[in-house]
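Engineer: Below is the sequence, then the predicted model.
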Amino acid sequence: MKRAGFTTVSLPVFLLLPQLVIIAVFFYWPTVVALQSSFYLQDPFGFGSTFVGLQNYADLFTSREYHRIASFTVVFSVLVTFFSLAIALLLAVKADKILRGAKTYRTLLMWVYAVAPPVAGFIAVIMFNQSWGPLTQFFGMFNYTYLVGVNFNDTAFAMVLASVWKQVPVNFIFFLSGLQSIPRSVREAALIDNASAMGRFWDVTFPLLAPTGFFLLIINITYSLFDTFGIVDTVVKGEPGNNPMTLVYKVYVDGFRGNDLGGSSAQSVILMVLVLALTIFQFRLIDRRIHYT
Amino acid sequence: MSLSKMRKLKLSMIVDHGVLILGSLFMILPLVMLLQMTTIPDTEIIKTGPTLKIGDQFDDNLYKAMFEASGFAGENSGLSMLKNSLILGIGFAVGKILIGMLAAYAIVYFRLRFATLAFWLIFTTLLLPLEVRILPSYEVVQWLGMLNTYQGLIIPLIASATATFFFRQFFRSVPEELVEAARIDGAGPVKFFIDILMPLSKTMIAAMFIIMFVYGWNQYLWPTMITTDEDMYTLVRGIKQIVQVLEGAVVPEYGRSNVLALVAVIPPVLVVVFFQSWFVKGLTESDK
Amino acid sequence: MSKTTLISVAASLALTTAATAQTEIELWHAMGGALGETVNQMVENFNASQGDVQLTPVFKGSYEETLTAGIAAFRAGEQPNIMQVFDAGAATVIGAEGATIPVQTLLSENGVAFDIEDYISGVRYFYADSDGKMIGMPFNSSSPIMYYNVDALEAAGVSAPKTWEEFQETTAPALAKAGYIPLAQSHLPWIFTENFHSRHNLPFATNDNGYDGLDTKILVNNDAIKAHFTALSDWKENGLFEWYGTGWGDNQTPFEEGKVAIWLGSSGSFGGLAKKDLGFDFSATFMPYWEAVTTEPTQTFIGGAALFAMSGHSAEENAATAKFFEYLSSPETQVFWHKETGYVPITEAAYDMAKAQGYYNEQPAAEVGIQQLSLDAGDNTRGYRMGFYVQIRDVMNREYGRILTGETSVEDAFQNIETEANQLLARFAKTQG
């Protein structure tokens, strides 16, 4: 609070009220409900329910399938995060270097930020169409029969590719603005000290970009965990089958498609703990920076 | 500069442009492909897939996608989905900014006894995205009888304090002398907010609006659950319908579907491209 | 007041209500695209056929989405009068006694004659309770049947196989030699699991396939079906069978493109196939069976979905719902629906009417589903009733996909299905407590 604040009492309460009411009803209440229903098994129509204690959690922790989905989610997040950061960094470094057409490139490379994830998934579905998809045909040239929806890894790759495509622009914007905020004097000094461009990048630019990179790391992990829902859902066409899926998709499949409220709530609570841990980690290491959720 | 050094420089420039051009193509080609498919009759597309050919079906498909509702998903035309998307995008952005600004103003500029409590109550919401409490949120909205309504669609999405947090950061960076000067001039808190703080926040508001508009427009999971009446569908939620209908159709209507996918993409892209500098500034500055 | 005046007042009151206000009722369904248009057409016909009831159909998305939307609405007290629920959701909706009014009760209370024997044998009991009382009105009823490319079979010099042994030894090799992929199918749990058990009259679950109680255990881990999936994966390896993923359409398309010679799909796919310009003649016949398992193959049961009358509405609205059900089950409506969509007619009278019109002389393949549903019944052919069945199907789809992509063995897969399905069933039992 500012030292020189106003002292009116009723006005600030009035100003805070809309925010407080909304978060009470749509944040705290649902969070409590999630916790509560994770201890029950209930009939979706609301006729019956049984208190089962921690059984919903126990079922998840002992389920081999849940472990598989969790490990896939980890692998998926690592791949998406790594490739979208790496590609964005490369493009940002190049875009920062050139003089002519810089603005055009910036526009061309960032607009995909505004594309919704399910559209990215929809494009992947077309690209990997089993009979005529351009990328299916591309892999066919190397005698590889690409089968999205059939082969687990093929489907996973399509999801990763679509997720990376959608995420490169955000990283690009941040990296580029990070690069452009490096003072001229530092660059010039580096130019004298270090002859090779590669050397300059690793010795000077990269360390200066590290805070941006770390912040982006968290953003990208959150993105891979949650925002890719639309991509997963469109690529598997709503039929999980033997396709890969992420933890958030599993919450949806069990809770919304299968009407298992207790099991799905327990999964929600597990995710809450996970996100909480991730956020605390983030605040600890690079406090005060937050992301859009 | 020696000749060999010049040549090296030139070579590296070619490489730089090469990488950037490749990157740009990687970004753009998928959308070009969607567009190409809308110009070819569906009966041909399902045999050949996307090609380099440009046909003349675009107008027909555009008309079908925007104005015809039957046969595709019942009663939702592209136009009504576009309307819903706009309501969601704008409603979300305006609601979030308004509520966030007011709350941030209260927290930063007033002496409140329970200020710390309010602060923590509000900022805890930053920790948990909607996705992890999606099912209970759905239940709450259902209990309140807000399924298939715009309120049910928009308000729960607002229940996170990102905007409040950004405005709090911003207000704290406003020089303190301004408040003192205002007080000496006899300006009350309402006058100060409207006459001084609002004009100062213009750029911030614009940047936030763009980011929030895109965020709201692109929502998928929440609208998928909350809207089951077709006349409430947004374009992005409609993608689910598109994929389902392509699955079982007599002749999959790629032309029409792709037009809808493109219409779902174009408005937020235009906003981001036209207000690029605000948007970039808002995104990178406010995140600090 | 004398008795006569009372009656006349009542009569005049009834007249005024009829004249001033129609009863408005709502139907939530999951029939998108062309099927949805047929639903709309049928409802328009119904509204035009009488003046008391105005029915509004509302499309709610996929089967799963429709069920979830209906449940949510019920909990919010805003349920429609009629809701379409698919086969896998039957246990959930029928288990929630009090959420629906059994169709049999609804009809008899509103003076509509009802005799379950009027319905085609395979249709009668799927949506019935353990006592055989019909709870949901069968609506879009289909059964898995075998479609084949007539030109392909001619080119290979074979006829449609009656048994899987015949397919394996004669049909498939000849078709492969003629350059076709002999076989594909569109729904492994429905076609090769649920109806596999029915066709061979094998028990699918304890408690009479789950109808008689909640402590049901699935019996899917048996030798007959394991042998079937072993054969499938062998066929796949030898180019006699292909699997294009869990999606329905992905498996149907290669048949339509003429790459696949025999495709197992829904009898309800007939309407769509007939409307397409396929470039070859197609026909259909019964699902093959394994002679090694049985020499007396039995009927299959219906898939698709049924209409449930939701409780919590006024007697007047319930009467209106009964009126629509009466219209729906009339032979004329059933024949219209049957011809437009390919779904089977649900009553014997409707079937007879279609026969009398000579429809099956023009379209012999349209009759296959009904004939198959009318084959001999057995102890295990009326259907199944299992909770959380949507998830159980997901488990099956996942494990079957893994078998067919070589990620797991048939033995392990069925072990997993059994374990996970039983766990889900036990969990479901607790939700009903």
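Structural biologist: That came in fine, so what should we check first? Residues are numbered from 1 along each chain as shown, chains lettered A, B, ... in the order given.

Engineer: Please name the nearest non-neighbouring residue to the residue nearest in space to the middle of chain A.
Structural biologist: Nearest to the geometric centre of chain A sits residue A:223, at 0.9 Å (Cα atoms, centre = their mean). Leaving aside its chain neighbours, residue A:223 sits nearest to residue A:167 (5.8 Å; criterion: Cβ to Cβ, 6 or more residues apart in numbering or on different chains). Where you see a C-beta, it was placed from the backbone N, CA and C, and this is true even at glycine.

Engineer: Run through the residues that contact that neighbour.
Structural biologist: A:80, A:84, A:88, A:220, A:223 (Cβ atoms under 8 Å, 6 or more residues apart in numbering or on different chains).

Engineer: Same list (the residues you listed) but as CSV, adding distance to residue B:134 and pLDDT.
Structural biologist: Listed next are the contacts of residue A:167 as CSV, based on distance: Cβ to Cβ, whole Å; pLDDT from 0 to 100:
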residue, distance to residue B:134, pLDDT
A:80, 21, 98
A:84, 24, 96
A:88, 29, 96
A:220, 21, 93
A:223, 17, 92
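
Engineer: can you give me the helices in the stretch 51-200 of chain A?
Structural biologist: For the stretch 51-200 of chain A, applying DSSP state H, counting those that start in this stretch gives helices covering A:55-62, A:64-97, A:102-110, A:117-127, A:134-140, A:152-180, A:184-193, A:197-200.

Engineer: okay if I get the ones you listed as TSV plus distance to residue C:197?
Structural biologist: Output for the helices of the stretch 51-200 of chain A, formatted as TSV (distance: least, Cβ to Cβ, whole Å):
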stretch	distance to residue C:197
helix A:55-62	27
helix A:64-97	24
helix A:102-110	56
helix A:117-127	34
helix A:134-140	36
helix A:152-180	28
helix A:184-193	73
helix A:197-200	66
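
Engineer: Determine which stretch of the ones you listed is the most buried.
Structural biologist: Greatest average neighbour count among the helices of the stretch 51-200 of chain A goes to helix A:117-127 (a mean of 26), per mean count of other Cβ atoms under 10 Å in any protein chain shown.

Engineer: after the helix or strand of chain C with the lowest mean pLDDT comes which helix or strand?
Structural biologist: Using mean pLDDT, DSSP states H and E, helix C:3-20 stands out as the lowest-scoring helix or strand of chain C, at a mean of 48. Using DSSP states H and E, the helix or strand that follows helix C:3-20 in sequence is strand C:23-29.

Engineer: That next one packs against which elements?
Structural biologist: helix C:33-49, strand C:53-59, helix C:63-75, strand C:82-86, helix C:315-328 (3 or more Cβ pairs under 8 Å, 6 or more residues apart in numbering or on different chains; DSSP states H and E).

Engineer: so which of the ones you listed gets nearest residue C:218?
Structural biologist: strand C:82-86 (19.0 Å; Cβ to Cβ).

Engineer: wait, does the very next helix or strand once past that closest one contact chain A?
Structural biologist: Tracing the chain C-terminally past strand C:82-86 and defining elements by DSSP H and E, one meets helix C:90-95 next. Yes - Helix C:90-95 reaches chain A (Cβ under 8 Å from any Cβ of the partner chain) through C:92, C:93, C:95.

Engineer: could you dump helix C:90-95 to PDB, C-alpha only?
Structural biologist: What follows is helix C:90-95, C-alpha atoms only, in PDB (Å, rounded to 0.1, in the frame of the first residue of the first chain):
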ATOM      1  CA  ALA C  90     -27.900 -47.700 -19.800                       C
ATOM      2  CA  ALA C  91     -26.600 -48.800 -16.300                       C
ATOM      3  CA  THR C  92     -26.100 -45.300 -15.200                       C
ATOM      4  CA  VAL C  93     -29.600 -44.100 -16.100                       C
ATOM      5  CA  ILE C  94     -31.500 -47.200 -15.200                       C
ATOM      6  CA  GLY C  95     -29.600 -47.500 -11.900                       C
END
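
Engineer: what does the helix or strand hosting residue B:66 rub up against?
Structural biologist: Assigned by DSSP H and E, residue B:66 falls within helix B:58-67. Residues outside helix B:58-67 that contact it (Cβ under 8 Å, 6+ apart): B:38-39, B:77-79, B:82, B:253, B:255-260, B:263.

Engineer: can you pick the most crowded of those?
Structural biologist: residue B:260 (29 neighbours; other Cβ atoms under 10 Å in any protein chain shown).

Engineer: Tell me how far it lies from residue B:221.
Structural biologist: 19 Å (Cβ to Cβ, to the nearest Å).

Engineer: Where does pLDDT dip in the chain?
Structural biologist: Let's take chain A. Scanning chain A for pLDDT under 70 picks out A:1-4, A:195, A:285-293.

Engineer: Wait, chain C was what I had in mind.
Structural biologist: Applying pLDDT under 70 to chain C flags the ranges C:1-20.

Engineer: Could you pull up the residues touching the residue positioned nearest the centre of it?
Structural biologist: Nearest to the geometric centre of chain C sits residue C:303, at 1.6 Å (Cα atoms, centre = their mean). By Cβ under 8 Å, 6+ apart, residue C:303 lies in contact with C:87, C:141, C:142, C:143, C:144, C:190, C:194, C:195, C:266.

Engineer: residue ranges for the helices of the stretch 51-200 of chain B, please.
Structural biologist: For the stretch 51-200 of chain B, the helices defined by DSSP H, counting those that start in this stretch cover B:58-67, B:78-109, B:115-123, B:134-143, B:150-158, B:162-173, B:176-184, B:189-192, B:198-200.

Engineer: The second one packs against which elements?
Structural biologist: Packed against helix B:78-109 by the contact rule (3+ Cβ pairs under 8 Å, 6+ apart) you find helix A:10-23, helix B:58-67, helix B:115-123, helix B:150-158, helix B:162-173, helix B:202-217, helix B:235-248, helix B:254-274.

Engineer: one step back: can you tell me how far the residue nearest to residue A:223 is from chain C?
Structural biologist: 26 Å (Cβ to the nearest Cβ, to the nearest Å).

Engineer: From residue A:159, how far off is that residue?
Structural biologist: 12 Å.

Engineer: And for residue C:172?
Structural biologist: Taken as Cβ to Cβ, the span from residue C:172 to residue A:159 is 35 Å.

Engineer: I'm done for today, thanks for sticking with me.
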